[in-house]
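In: quick one, structure for this:
(one chain, ligands or ions: 1)
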Amino acid sequence: MEVRSTTLAYSGADKIVKKLKEISGGKILDIGTGGGGFVGFLKQALKSFDSFIGIDLNEEKLKKAEKRFGTIAQFKKMNAEKLDFQDETFDVVSMASSLHHLERPEEVLKEMFRVVKPQGYLIIQEMYSNLTQTEAQLTTLQDHHFGAKIDTLLGEYHRETYTKEEIKGIVSILNAEELEIFDSTRYPKCLFCEEKEQCDNPMDKELIQSQIKYLKSSLEKISDYPEYEQLEKEAKKIEQDLRKNGITDASILFILAKKN
Ligand SMILES: C[S@@+](CC[C@H](N)C(=O)[O-])C[C@H]1O[C@@H](n2cnc3c(N)ncnc32)[C@H](O)[C@@H]1O
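Out: Prediction:
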């Protein structure tokens, strides 16, 4: 079983950024924009851009996005299953870390494809759950899946992350002229981060501590649920594993689909 290095220089993230530097973004729509993090990344990574619109269902997150990126993007509450835009409106339609948050991913992909212009791009970034990852990544995945259980109890759709094969299966419904799929052990945004060396060390104490704090605060959200006791046990095990194996984000697929 091949386990690839998560050191940024060997991750494959540079190939993604090299490709993005060739794309003039024009008018960009970001789906499931959350706090707008992917807008911030695309702004730096693309060759150029004219405008950004970010959409999400979560108003709290949209407010945060507005604060961080309000000067370069407009943010709107909208359901990605029914986009309020005409056909062929955008040069690029993007979506990061959201596929496993969608109840009907195929419906969303169809909508994304509908609103992108011919010769425009869909850009999809999604972490995957295959076991060909380092112990630190697998522990981080367990931690993420724990978070998905908490969100589900709280009524938000959030399933475990897909495997690479499942992600490829979902995007295969797109009738793309060109489909390029990059596999990277690190997020390409890391290349722009000022603390990039910190994440090259999965055993970084500060990162582990902050993740454990987040794990505990997630658990507290369901303190009066009948599932609390069981999940508390799971949280303890994850905490032990985080201390032993460290923390590193899971690997990602980065998909570029060009519309004909
Ligand atoms: C993990 S967050 C994505 C964060 C962001 N893209 C980033 O990279 O920082 C997933 C987002 O998908 C949003 N979402 C889920 N279903 C949606 C839908 N049908 N329409 C729009 N947004 C949706 C959630 O509200 C959540 O903010």
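In: now do the contacts for the residue nearest the centre of the chain.
Out: Nearest residue to the geometric centre of the chain (CA atoms, centre = their mean): residue 97, 1.9 Å. By CB atoms under 8 Å, 6 or more residues apart in numbering, residue 97 lies in contact with 32, 34, 38, 125, 126, 127. All C-beta atoms are positioned from the backbone trio N, CA, C, and that covers glycine.
In: among these, which are in helices?
Out: residue 38 (DSSP state H).
In: could you pick out the buried ones from the contacts of residue 97?
Out: 32, 34, 38, 125, 126, 127 (16 or more other CB atoms under 10 Å).
In: now distance to residue 118 too, for these, in CSV please.
Out: Formatted as CSV, the buried ones among the contacts of residue 97 follow (distance: CB to CB, whole Å):
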residue, distance to residue 118
32, 24
34, 29
38, 23
125, 23
126, 25
127, 30
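In: restrict the contacts of residue 97 to those near the ligand?
Out: 32, 34, 38 (CB under 6 Å from any ligand atom).
In: quick one: the first one from residue 150, how far?
Out: Put plainly, it is residue 32. 19 Å (CB to CB, to the nearest Å).
In: what's the answer for the last one, then?
Out: When distance is defined by CB to CB, residue 38 is 23 Å away from residue 150.
In: give the phi and psi angles for residue 54, as a check.
Out: phi -110, psi 130 (degrees, to the nearest 10).
In: what sits against it?
Out: 29, 30, 33, 36, 39, 62, 65, 69, 73, 74, 75, 76.
In: identify the bridge partners of the residue lying closest to the last one once chain neighbours are set aside.
Out: It stands for residue 76. Ranked by CB to CB, 6 or more residues apart in numbering and with sequence neighbours excluded, the top spatial neighbour of residue 76 is residue 55, at 5.2 Å. Following DSSP bridges, residue 55 is listed with bridge partners residue 31, residue 76.
In: quick check: residues of the stretch 1-150 of the chain near the ligand?
Out: Counting by CB under 6 Å from any ligand atom, the stretch 1-150 of the chain sits next to the ligand at 32-35, 37-38, 55-58, 61, 79-81, 96-98, 101-102.
In: what do you get if the cut-off is 8 Å, keeping everything else the same?
Out: Residues of the stretch 1-150 of the chain lying close to the ligand by CB under 8 Å from any ligand atom are 30-38, 41, 55-58, 61, 78-81, 95-98, 101-104, 108, 125.
In: out of the residues you listed, which are inside strands?
Out: Judged by DSSP state E, strands contain the following of these: 30, 31, 55, 56, 95, 96, 125.
In: most surrounded residue in the residues you listed?
Out: When neighbours are taken as other CB atoms under 10 Å, the top entry among those is residue 30 (29 neighbours).
In: show me where the stretch 101-250 of the chain has helices.
Out: Listed in chain order, the helices found in the stretch 101-250 of the chain under DSSP state H, counting those that start in this stretch are 105-115, 135-153, 164-171, 196-199, 205-220, 228-245.
In: by mean pLDDT, show me the worst of these.
Out: Comparing mean pLDDT over these, the weakest stretch is helix 196-199, at a mean of 80.
In: buried stuff in it?
Out: So for helix 196-199, counting by 16+ other CB under 10 Å, buried means residue 199.
In: check the offset of that helix from the chain's centre.
Out: In this view, helix 196-199 has its centroid 19 Å away from the chain centroid, taken as CA atoms, centre = their mean, to the nearest Å.
In: how many neighbours does residue 105 have?
Out: 23.
In: for the buried ones among the contacts of residue 97, which one is nearest residue 91?
Out: The closest of these to residue 91 turns out to be residue 38 (CB to CB; 15.7 Å).
In: leaving out sequence neighbours, find the closest residue to the closest one.
Out: Using CB to CB, 6+ apart, the nearest residue to residue 38 is residue 96, at 3.9 Å.
In: please consider this matter closed, and thank you.
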